[in-house]
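Peer 1: sharing a model that was predicted from the sequence below.
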Amino acid sequence: MSAGGGFPNWLRLETVVLRRDKDKAFPDEINAPIGACGFTSWGAFSFAEPPRVSHLFAQLPDFPKKELALAIVGTHRHLALFRVGTHSSPQGTAQEFFIYDASAIDDPFSLKPLPPCTLPHLDYTGRLPHRRHSGASAASTSSGGASAKRGLLAVKSMGLLCRGSEEQLEFVVAELQLFKPSISEVYADIFLLKSDRHGPGKWRSTRVPILCSDDPDDLWQLCLWQTDAVVPVGDRWLCWVDYYRGILFCNVFAERDPTVCFIRFPLQTFPDTHNRSIACSWLYRVVSVIDAGRALKFVDVARYDDIGYGALKPGTGFTITCHRRQQGVVEQGLHIFPQVDIDRPHIVHFIVTDFVYVMKKMWLVAIDISTRTVESCLQYTNGLDDVGTEGEYLTNVRSRLPMPFLHCEFSKYVHPER
């Protein structure tokens, strides 16, 4: 494998993993130069300069597609977290997690398995049932010997954060869920795995109060919380984001219990129900890390026609607001899933779709917010023209399930000399 120079500083990584089980269909080292290998030849990454999109190709000929679910859970620096779910297990769906290190391209097994989380969910008191301590051993049991079953970890509520040099690397994988016993009490239930010098450590769990302002509406917003994204910030914080409400900051590298605090978005109004079918704010907002992890940028796209997801009404438009930046208005097309350009924070990337057919055409659009001009526009999916081609699966999944691209930086940690 030859890793040529000139890799992008950051990537817009497609979350849909593309299966290419036949050797002729699998990309070569020129088109996908970085491999991710474990117990078998597993996959390879293609790198593309933003606004173009990078992809992960998987080669798993021994696993039927209906029995295997692949997910890119998150990335930070040169690490990526993957989830492999198998549906053929006698116990139902089974999941395994793997850490991929892009800086270790000379390692024939760069895909490292994590120990399974066998801890049961916390009970009402915030303790593990029938256990007063935590670990990664077998599931806790009751006095009668029955196993306390642990549900699957929620991929959408999981994040990855790493720090230190490659020789002294530390990382944390964490899941955060909110426990809401009443409208006046909200806690964070955290399951996390912290590495040590010997490798991945043990899973542990804790329940901590959430720090927020004295405004009683903060507690109500937390009672309505649903996680839309998990963003690593700097070398201490994982941020859980609800694009209808705000951000939960959690210092996952804390020596003892983590601290979790809530900060609301600078919005004029907040929804007062769980109903998300109208606003669809998760389509039109993003929190991005800029300035080498020292700052966050919040982008908000506000439609004028009050439609959640669908074609823009003729004669209407929308406003793109970058907080702490100036505001711009665009009157054509509908731009969803904003993503800030890390190297040029005044550029915001969007997905534009036509909404006409079931198999949708989509474009990648970059807008200069400071000048209110379109910098570039590239077609990404070809709609019905993709039927019968290798692009059909990607177009079908993206047409049925709108989703953002994943911000990824591990391309800049690859060492070409290796």
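Peer 2: Nice, thanks for sending it over.
Peer 1: how about the contacts made by the closest residue to residue 248 other than its chain neighbours?
Peer 2: Distances taken as CB to CB, 6 or more residues apart in numbering place residue 240 nearest to residue 248, at 4.3 Å, with adjacent residues excluded. In short, each C-beta sits where N, CA and C put it, glycine included. Counting by CB atoms under 8 Å, 6 or more residues apart in numbering, residue 240 makes contact with 157, 159, 176, 227, 229, 230, 247, 248, 250.
Peer 1: of the residues you listed - the most surrounded one?
Peer 2: Within the contacts of residue 240, most neighbours by other CB atoms under 10 Å means residue 250, with 27 neighbours.
Peer 1: contacting residues for that one?
Peer 2: Residue 250 touches 174, 176, 188, 190, 237, 238, 239, 240, 258, 259, 260, counting by CB under 8 Å, 6+ apart.
Peer 1: mind doing that once more with 7 Å?
Peer 2: Residues in contact with residue 250 (CB atoms under 7 Å, 6 or more residues apart in numbering) are 176, 237, 238, 258, 260.
Peer 1: ok, it to residue 211 distance?
Peer 2: Taken as CB to CB, to the nearest Å, the spacing of residue 250 relative to residue 211 amounts to 11 Å.
Peer 1: try residue 68
Peer 2: Distance from residue 68 to residue 211, by CB to CB: 41 Å.
Peer 1: the more surrounded of the two?
Peer 2: residue 68 (17 against 13).
Peer 1: wait, doesn't residue 51 sit right on residue 376?
Peer 2: Yes - contact criterion CB atoms under 7 Å: residue 51 and residue 376 qualify, at 6.0 Å.
Peer 1: shared neighbours of those two, anything?
Peer 2: Counting by CB under 7 Å, 6+ apart, the residues touching both residue 51 and residue 376 are residue 366.
Peer 1: now do the residue nearest to residue 393 when sequence neighbours are not counted, the pLDDT please.
Peer 2: Leaving aside its sequence neighbours, residue 393 sits nearest to residue 18 (CB to CB, 6+ apart; 7.0 Å). As predicted, residue 18 sits at a pLDDT of 89.
Peer 1: just the one 10 residues further on next, same as before
Peer 2: Among the per-residue scores, residue 28 shows a pLDDT of 80.
Peer 1: residue 78 now?
Peer 2: pLDDT, read off for residue 78, is 88.
Peer 1: what's the burial count for the residue lying closest to it once chain neighbours are set aside?
Peer 2: Nearest residue to residue 78 in three dimensions, chain neighbours excluded: residue 413, at 3.4 Å (CB to CB, 6+ apart). Residues near residue 413, counting by other CB under 10 Å, number 16.
Peer 1: contact partners for residue 413?
Peer 2: By CB under 7 Å, 6+ apart, the contact set of residue 413 is 77, 78, 102, 103.
Peer 1: quick check on the first one: phi, psi?
Peer 2: Okay, so that is residue 77. phi 50, psi -120 (degrees, to the nearest 10).
Peer 1: shouldn't it be in contact with residue 162?
Peer 2: Yes - here residue 77 reaches residue 162: they are 5.4 Å apart, a contact under CB under 7 Å.
Peer 1: quick one, which of the two is more surrounded?
Peer 2: Using other CB under 10 Å as the criterion, residue 77 and residue 162 rank with residue 77 on top: 24 against 21.
Peer 1: quick one: that one from residue 47, how far?
Peer 2: 16 Å.
Peer 1: which residues in the stretch 101-250 of the chain form strands?
Peer 2: Counting by DSSP state E, counting those that start in this stretch, the stretch 101-250 of the chain has strands at residues 111-113, 158-163, 170-182, 185-194, 203-211, 229-233, 237-242, 246-251.
Peer 1: and the residue nearest to residue 393, how far from residue 402?
Peer 2: Counting by CB to CB, the gap from residue 18 to residue 402 is 18 Å.
Peer 1: tell me which of those two has more neighbours.
Peer 2: residue 18 (20 against 16).
Peer 1: strands paired with whatever helix or strand residue 71 lives in, and their directions?
Peer 2: Assessed by DSSP states H and E, residue 71 sits inside strand 68-76. The pairing partners recorded for strand 68-76 under DSSP bridges are strand 79-89 (antiparallel).
Peer 1: got the CA coordinates for the strand it pairs with in PDB?
Peer 2: The C-alpha coordinates for strand 79-89 follow below in PDB (Å, rounded to 0.1, in the frame of the first residue of the first chain):
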ATOM      1  CA  LEU A  79      -8.900   7.500  15.000                       C
ATOM      2  CA  ALA A  80     -12.200   6.200  13.800                       C
ATOM      3  CA  LEU A  81     -14.900   4.200  15.600                       C
ATOM      4  CA  PHE A  82     -16.800   1.500  13.800                       C
ATOM      5  CA  ARG A  83     -19.800  -0.600  14.700                       C
ATOM      6  CA  VAL A  84     -20.500  -4.000  13.200                       C
ATOM      7  CA  GLY A  85     -23.900  -5.400  13.900                       C
ATOM      8  CA  THR A  86     -24.800  -8.900  12.900                       C
ATOM      9  CA  HIS A  87     -28.500 -10.000  12.700                       C
ATOM     10  CA  SER A  88     -27.900 -13.800  12.500                       C
ATOM     11  CA  SER A  89     -27.100 -14.200  16.200                       C
END
